[in-house]
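Visitor: Next come a sequence and a model predicted from it.
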Amino acid sequence: MRIYLELARLAFQQQFAYRAAALAGLFTNSIFGALLASVYVGLYSSQADGASVGGFTVAQTVTYVWIGQSLIAPVYLWGWWEIIQSIRTGAVVTDMLRPTNYFTYWLSRDAGRAAAHTLLRLIPTLLVGALLFDLVYPDSPARGLGFIASLPLAVLVSFCFRFMTNLWGFWILDHRGIAGFSMVAIGVLSGHLLPISWYPDPIRDAINLLPFRAIVMTPVEIWLGQVSIAEGLALQVFWSVVMIAAAQALQSVAERKVVVQGG
Amino acid sequence: MLRNELAVTLRIMGIRWRGQMAYRASFWMQVVSNFIINTAEVLALFAMFYRFDDLGGWTLAEVAFLHGISMITFSIADTIVVGLNAVPNQIRMGEFDRVLIRPMSSWLQSVVSEVSLRHLGQFSQGLIVFIYAVSNLSIEWSLAKVGVVAMMVIVGFALFSALFTVEAILSFWTVNGVEAVNAFTYGGSTLARFPLHVLERWMRFLFLWMVPVGFVSYYPTLYVLGKEDPLGNPAWFMFLGPLFVLLFCLLIAWGWGQAIRRYRSTGS
């Protein structure tokens, strides 16, 4: 256990070496947040005051945008291909020989990274959003805590998904095809691109049956009070358990496929 | 001299182009995955208009017009000047020296150090969206309007190429945090997909007078679609696009010159 904490701590500290990159990311997320929030305000402008679309008022939608932008870094929505890169360089062999569980090894590192990104990216982005727009806030301290509790679960589900898409690298060395598909899948299915309730009903119902909503939509719903805290967290715990099991099952198949590159 | 350089540039681009085509399967996979990545945002646009009737007075087809042009313009820039993205790394590794000893513009050399054909995916997607928009709008086409559309693509290409250059220029001073320029390249191309008047005042200011994205997308579109500007600006605003982009490019060219003069090799 101590070794995993140590791995997490190192990954946490590593992020603090890239403070300028964090600032740049904050700036980009803020520009996109302001842009998308404005577009949504524009969409609501011809609706009656206080109108709700798919369960979202305009203020709730703007809040959704900013939570979505601040979650990008902690849940690492796009572009995490460290395992595939390790397969290509051959470092995967060393990683697998370590006296640690392969899955837990990567998970600890990701947890440390996500904790750092929560401080460096999530909180500052939300603060920028709060300064620029009228956001809706959790209506009780319990909801605020519920939102905080939902963050590690969101990271966990997202990690399992990223771990599994990376494991495809054991079969296919060129990850760009998978990268394209998974970028679209995660953007749409997590609810990052649009609130899931805005899609046509059959599509909405189908997306709601999948695990990905635990990554973005459920934390937002907990914050906004669209779901009870217990129900939201229970859904995330359920999907965490399922995804961990799936990730480990895939890992045990993949381990038998290792082809070492280079020497 | 200049004509010679352009000939060499085109020649190198042709070689890189053929080089990419050599791996046929990989090439098609990249194009298809690039197409798919961009599908998401187009689907989002349609899904938005499934729940809402208009965006600040603009219909789906009108917003799709902006989307199509922006995707076409940006994908051309991304394809041609993508080599500039490699400059920060070349500086770090001390490889930029090589560029300086060759008898050719350092900027053109950096531009052609890579060609990325995968953006053909976004290009074809943009074309489909544009065709969808035009066939659902009743635009009274005239020679002037066709000219304005062509101008949007050419001037937009110049603007985004200049913006890609900004990141390369900054990397001569620092490699820390230059990703912030993404807010203007990718942010600018996203912003160009929506009618400018719905934006917050400071955003409009930023993307008109600091980085003239609005002048090359929003104002010419108003003219082509025959719409009034809710912001009350006169119709000739669309002619500010080429003018400002020209000034912007001159500024960037000067910046590139300064950056080259300042360059000290890492000397390894």
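Guide: Noted; the coordinates are in hand.
Visitor: Which elements pack onto whichever helix or strand residue A:23 is part of?
Guide: In the assignment (DSSP states H and E), residue A:23 maps to helix A:19-44. Under the contact definition 3 or more C-beta pairs under 8 Å, 6 or more residues apart in numbering or on different chains; DSSP states H and E, helix A:19-44 sits against helix A:58-71, helix A:123-132, helix B:182-191, helix B:201-205. Yep, even glycine has a C-beta here, placed from its N, CA and C like the rest.
Visitor: Name the nearest residue to residue B:258, sequence neighbours excluded.
Guide: residue B:169 (7.9 Å; C-beta to C-beta, 6 or more residues apart in numbering or on different chains).
Visitor: Hmm, residue B:259 and the one you found touching each other?
Guide: Yes. Counting by C-beta atoms under 8 Å, residue B:169 touches residue B:259, with 4.7 Å between them.
Visitor: of these two, who's got more company?
Guide: Counted by other C-beta atoms under 10 Å in any protein chain shown, residue B:169 and residue B:259 do not tie: residue B:169 has more neighbours, with 23 against 20.
Visitor: and the residue of the stretch 51-200 of chain A found nearest chain B, how many neighbours does it have?
Guide: Going by C-beta to the nearest C-beta, chain B is nearest to residue A:180 of the stretch 51-200 of chain A, at 2.6 Å. Residue A:180 has 23 neighbours, counted by other C-beta under 10 Å.
Visitor: Write out the residues of chain A neighbouring chain B.
Guide: For chain A, the contact set with chain B under C-beta under 8 Å from any C-beta of the partner chain comprises A:20-21, A:23-25, A:27-28, A:30-32, A:34-35, A:38-39, A:41-47, A:53-54, A:132, A:174, A:176-177, A:179-181, A:183-184, A:187-188, A:193-194, A:198-200.
Visitor: Any idea how many residues pack against residue B:22?
Guide: 8.
Visitor: err, residue A:134, not the other one
Guide: A count of neighbours around residue A:134, defined by other C-beta under 10 Å, yields 10.
Visitor: quick one, what contacts the residue lying closest to it once chain neighbours are set aside?
Guide: Leaving aside its chain neighbours, residue A:134 sits nearest to residue A:59 (6.0 Å; criterion: C-beta to C-beta, 6+ apart). When contacts are counted by C-beta atoms under 8 Å, 6 or more residues apart in numbering or on different chains, residue A:59 touches A:134, A:135, A:136.
Visitor: part of a strand, is residue B:228?
Guide: No. Assessed with DSSP: H, G, I helix; E, B strand; the rest coil, residue B:228 is coil; it does not lie in a strand.
Visitor: quick one: the residue lying closest to it once chain neighbours are set aside from chain A, how far?
Guide: The shortest distance from residue B:228 to any non-neighbouring residue, by C-beta to C-beta, 6+ apart, is to residue B:222 (7.4 Å). The spacing between residue B:222 and chain A, counted by C-beta to the nearest C-beta, to the nearest Å, is 16 Å.
Visitor: Let me know whether residue B:222 touches residue B:232 as I believe.
Guide: No. Using C-beta under 8 Å as the test, residue B:222 is too far from residue B:232 to be in contact (11.8 Å).
Visitor: Looking at these two, which is more packed in?
Guide: Taking neighbours as other C-beta under 10 Å, residue B:222 and residue B:232 compare with residue B:222 leading, 22 against 7.
Visitor: check contacts around the more buried one.
Guide: By C-beta under 8 Å, 6+ apart, the contact list for residue B:222 reads B:228, B:229, B:235, B:238.
Visitor: in what helix or strand does it lie?
Guide: Element membership of residue B:222, judged by DSSP H and E, is helix B:213-225.
Visitor: gap between the helix or strand that comes right after that helix and the chain center?
Guide: For helix B:213-225, the following helix or strand on the C-terminal side (DSSP H and E) is helix B:240-262. Helix B:240-262 sits 15 Å away from the centroid of its parent chain (C-alpha atoms, centre = their mean, to the nearest Å).
Visitor: most neighbours, which of the contacts of residue B:222?
Guide: Neighbour max across these (other C-beta under 10 Å) = residue B:238, 23 neighbours.
Visitor: From residue B:260, how far out is that one?
Guide: Per C-beta to C-beta, to the nearest Å, residue B:238 is found 34 Å from residue B:260.
Visitor: Give me the neighbour count for residue 33.
Guide: Just going to use chain A. Neighbours of residue A:33 under the rule other C-beta under 10 Å: 24.
Visitor: You answered for a different chain; I wanted chain B.
Guide: Other residues close to residue B:33 by other C-beta under 10 Å number 22.
Visitor: Repeat that for residue B:51.
Guide: Neighbours around residue B:51, by other C-beta under 10 Å: 17.
Visitor: My read is that it contacts residue A:54, right?
Guide: Yes. Between residue B:51 and residue A:54 a contact is recorded at 5.9 Å, counting by C-beta under 8 Å.
Visitor: where do the contact lists of the two overlap?
Guide: Listed contacts common to residue B:51 and residue A:54 are residue A:198; contacts here mean C-beta under 8 Å, 6+ apart.
Visitor: will you turn the helices and strands packed on helix A:19-44 into CSV that also has distance to residue A:163 and mean pLDDT?
Guide: Formatted as CSV, those follow (distance: least, C-beta to C-beta, whole Å; pLDDT from 0 to 100):
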stretch, distance to residue A:163, mean pLDDT
helix A:58-71, 18, 97
helix A:123-132, 25, 97
helix B:182-191, 27, 91
helix B:201-205, 38, 91
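Visitor: Just name the most buried of those helices.
Guide: Mean neighbours per residue, mean count of other C-beta atoms under 10 Å in any protein chain shown, is largest over the helices and strands packed on helix A:19-44 for helix A:58-71, with a mean of 24.
Visitor: could you check the angle helix A:19-44 makes with that one?
Guide: 160 degrees (axes from the mean of the first three to the mean of the last three C-alpha atoms, to 10 degrees).
Visitor: With just CA atoms, put helix A:58-71 into CSV.
Guide: Presented in CSV, the C-alpha positions along helix A:58-71 are these (Å, rounded to 0.1, in the frame of the first residue of the first chain):
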residue,chain,number,x,y,z
VAL,A,58,-30.1,29.0,-18.4
ALA,A,59,-28.2,29.6,-15.2
GLN,A,60,-27.9,25.8,-14.7
THR,A,61,-26.6,25.4,-18.2
VAL,A,62,-24.0,28.0,-17.7
THR,A,63,-22.9,26.3,-14.5
TYR,A,64,-22.8,23.0,-16.4
VAL,A,65,-20.5,24.6,-18.9
TRP,A,66,-18.0,25.7,-16.3
ILE,A,67,-18.1,22.5,-14.3
GLY,A,68,-17.5,20.7,-17.6
GLN,A,69,-14.5,22.9,-18.5
SER,A,70,-13.0,22.5,-15.0
LEU,A,71,-13.3,18.7,-15.1
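Visitor: Name the next helix or strand downstream of it, please.
Guide: That would be, after helix A:58-71 and using DSSP H and E, helix A:82-89.
Visitor: Report all helices and strands that the helix or strand that comes right after that next one contacts.
Guide: Going down the chain from helix A:82-89, the next helix or strand is helix A:92-97, by DSSP H and E. Where contact means 3+ C-beta pairs under 8 Å, 6+ apart, helix A:92-97 is packed against helix A:82-89, helix A:102-117.
Visitor: The closest residue in space to residue A:156 that isn't next to it in sequence: which element?
Guide: Computed as C-beta to C-beta, 6+ apart, the closest residue to residue A:156 that is not its neighbour in sequence is residue A:240, at 4.8 Å. Here residue A:240 sits within helix A:229-255, counting by DSSP H and E.
Visitor: so residue B:72 touches residue B:123, yeah?
Guide: Yes. In this structure, residue B:72 is within contact of residue B:123 by C-beta under 8 Å, at 6.0 Å.
Visitor: three-state assignment of the residue in chain B that chain A sits nearest to?
Guide: Of all residues in chain B, residue B:33 sits closest to chain A, at 2.6 Å by C-beta to the nearest C-beta. Following three-state DSSP, we place residue B:33 in the helix state.
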